[in-house]
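Engineer: Structure here, sequence nowhere to be found:
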């Protein structure tokens, strides 16, 4: 068979994911099949695992591990939710965001803030995936690749940042179970998070039903606004002084908002209690917003085979809040709409609830779930925005 | 407090690990404490986890997850063994090993072999850590960072390689549960492996007792010999032709050995059944050899507070087997001794067994466990070899 010379970039994310699923789905099916057919049923019941939620459609996988059986009772299992994600310097963060245009850290505390923020963000984005399954985080594993010239304190501060993420409401039972160290040219952090659902089954994207309410917990667009602010402030040509007079005035009168946007990008605090709360209130589906609202809502629509109609007035209300940041950057107010609709790394939680459900605290309505049209699940909105980025398997 | 300006490289691995443990140990202790004190004991019993083996001393962590309780029985738990490790292009493998000195892959099958081998090795090194705890692998998660110009087939072939590693004896129930894709300048692969011990408790390094036999399963030094062979063959000045006549003769008469050494480095097959077998035969401790025999044996000695006396005749017998490879490379026969004593990425399994135990199939004796001398655990051998590299937390 002739092999196509297409590159990963030319093929695009969906083709790469398809290529992966083509390989691992038959393997996982074969393992499940073999497990069922194993001779000595007694033995097979005593150990082993079942892949309850596999790769392809959700924020995390779910594996049901067999537990020590009690005499006379059926085989108990522990359902463990698991996810992994990498954050790399250059791709996901730049040290100049903390150390200034020339990345010189004269003040040790700037390096400390940088290291803690990277640790917090790497942990938070994985904790968010656990929450999006309606589960509570149990443990983190971390694999760190570090350049040889990094200050040794950076590493301790990075782990302080991970601890900070674990102290957030919703993650307070999460331990840091172990990890690995390696060396490389740039900083790269891969975190694996494990968790368990408590009183309700795990939430999956596929559960959304026509007639459901679409709701969101956590802000929209702030991390994207923060990204542009950080790029602006740390650009080599930026001298640290304020820009034009009007921008300076905007900056001064919106300092809290700007600080929120910077923090959303540098050390996000996903609404980690939102997932388990949604599950306890009978949510039908959930996912976190990693790659932009419209793009991620499209994935939820696809997984559930439905259309999601976004409430344009609600989106407009979100966007208006961010217009001053667009102004500070000297950008058109449309930038605020793009942040809300297409901003990645937001870690807000999208969830769907049956019609008539009173939304739990922390959630606000964002639209409704409709039947798909002509067999094509999609997102219906007046905000036509394209989004980019990579997704999880 | 003044912050030291030392870099990660200057501080060295042990100092970096200490800095990490100083941060995460108090956090993990606080979580355990809070969990015990939680009001509503009933609730606390229904979910949550206990860190049975934490970071610092073993090949993997162990977390006891609570399972669905059966009425009238005590709270069942599922003990899950977990580890994570990163492999980066440049640091851990070089594409010229497969594609030749100029890394040009005219033939698609050379790229296919490269991708499969990287997938196999990344999976195998994590599966080996699970086996070293006496456990059986259940699932892998993978986070892949890929350059944009990589052929899309590379990704499918990489996963084929992971599947190959999962088909090895001892890993055949292991599924690929999910993962994440990102982009970056070089290929980086982080795999997390989960597993469960079956009929015996997990094996820990600390269990070795004076009087025990030290044994090993799997070859020693071949991956290190393979590394030097690959570097030699893929060096820019190497034209692919055979070297001097004597080296050529050695090469031809030791082709199988050379092929084994190359394979040990490019697509290792750790003895994955050895860990569970050792556990079932009452082994007192185990670990895999990731960073070299002497260095890793030193870690086992430290964890257990004992001395390990290596049998120099046994080491000599291992080294003699590799002398032809040293000859092929035009190297002193001492190179073979260094490969055996200090070669990393070997994934052989070290284990200790009570005196008088008949070693299970696949294990050969390598020394004995003695009382530590003057409170200093260490490795006693005539082969004084220094070793480098990073270790897991």
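Structural biologist: Everything's here; your move. Only a predicted model underlies this, so the values are computations on that prediction, with no experimental measurement involved.
Engineer: Helix, strand, or coil at residue A:131?
Structural biologist: Per DSSP: H, G, I helix; E, B strand; the rest coil, the secondary structure class of residue A:131 is helix.
Engineer: Distance check, it against residue A:64.
Structural biologist: 20 Å (Cβ to Cβ, to the nearest Å). Just so you know, the C-beta spots here come from the backbone N, C-alpha and C atoms, and that holds for glycine as well.
Engineer: Look at the two and report which has more neighbours.
Structural biologist: Using other Cβ atoms under 10 Å in any protein chain shown as the criterion, residue A:131 and residue A:64 rank with residue A:131 on top: 35 against 20.
Engineer: Run through the residues that contact the more buried one.
Structural biologist: Residue A:131 is in contact with A:137, A:170, A:270, A:271, A:272, A:273, A:274, A:275, A:276, A:288, A:349, counting by Cβ atoms under 8 Å, 6 or more residues apart in numbering or on different chains.
Engineer: how close does it sit to residue A:295?
Structural biologist: 19 Å.
Engineer: what about the strands in the stretch 251-393 of chain A?
Structural biologist: Along the stretch 251-393 of chain A, the stretches classed as strands by DSSP state E, counting those that start in this stretch are A:285-288, A:306-310, A:349-353, A:363-371, A:378-380.
Engineer: Which among these is found nearest to residue B:180?
Structural biologist: With Cβ to Cβ as the criterion, residue B:180 lies closest to strand A:285-288 of those, at 13.2 Å.
Engineer: thinking again about what came up before, of the strands of the stretch 251-393 of chain A, flag the one that's most buried.
Structural biologist: Greatest average neighbour count among the strands of the stretch 251-393 of chain A goes to strand A:349-353 (a mean of 29), per mean count of other Cβ atoms under 10 Å in any protein chain shown.
Engineer: Was I right to think residue A:297 contacts residue A:350?
Structural biologist: Yes - if you go by Cβ atoms under 8 Å, residue A:297 and residue A:350 touch, sitting 6.5 Å apart.
Engineer: Which neighbours do the two have in common?
Structural biologist: residue A:214.
Engineer: need the next SSE after the helix or strand of chain A with the lowest mean pLDDT, C-terminal direction.
Structural biologist: In chain A, no helix or strand scores lower on mean pLDDT, DSSP states H and E than helix A:41-46, which sits at a mean of 46. Using DSSP states H and E, the helix or strand that follows helix A:41-46 in sequence is strand A:49-53.
Engineer: From the chain's centroid, how far away is that following strand?
Structural biologist: 22 Å (Cα atoms, centre = their mean, to the nearest Å).
Engineer: quick one: contacts of that strand?
Structural biologist: A:28, A:31-32, A:35, A:60-66, A:77, A:79, A:81, A:133, A:202, A:204, B:138-139, B:173, B:175, B:177, B:196.
Engineer: quick one: which of these sit in helices?
Structural biologist: Assigned to helices by DSSP state H, the following of those qualify: A:28, A:31, A:32, A:35.
Engineer: could you measure residue A:351 against chain B, distance?
Structural biologist: Look at residue A:351 and chain B: by Cβ to the nearest Cβ, to the nearest Å, they are 21 Å apart.
Engineer: so what pLDDT did that residue get?
Structural biologist: Listed pLDDT for residue A:351 reads 98.
Engineer: which residues sit in contact with it?
Structural biologist: Shown in contact with residue A:351 (Cβ under 8 Å, 6+ apart): A:203, A:214, A:215, A:216, A:217, A:274, A:275, A:278, A:283, A:285, A:286, A:363.
Engineer: Can you tell me which of those has the most neighbours?
Structural biologist: Counting by other Cβ under 10 Å, top hit in the contacts of residue A:351: residue A:275 with 35 neighbours.
Engineer: pLDDT value on that residue, please?
Structural biologist: At residue A:275, the predicted lDDT confidence score is 98.
Engineer: what's the domain layout of chain A?
Structural biologist: A:82-197, A:205-380 (automatic domain parsing).
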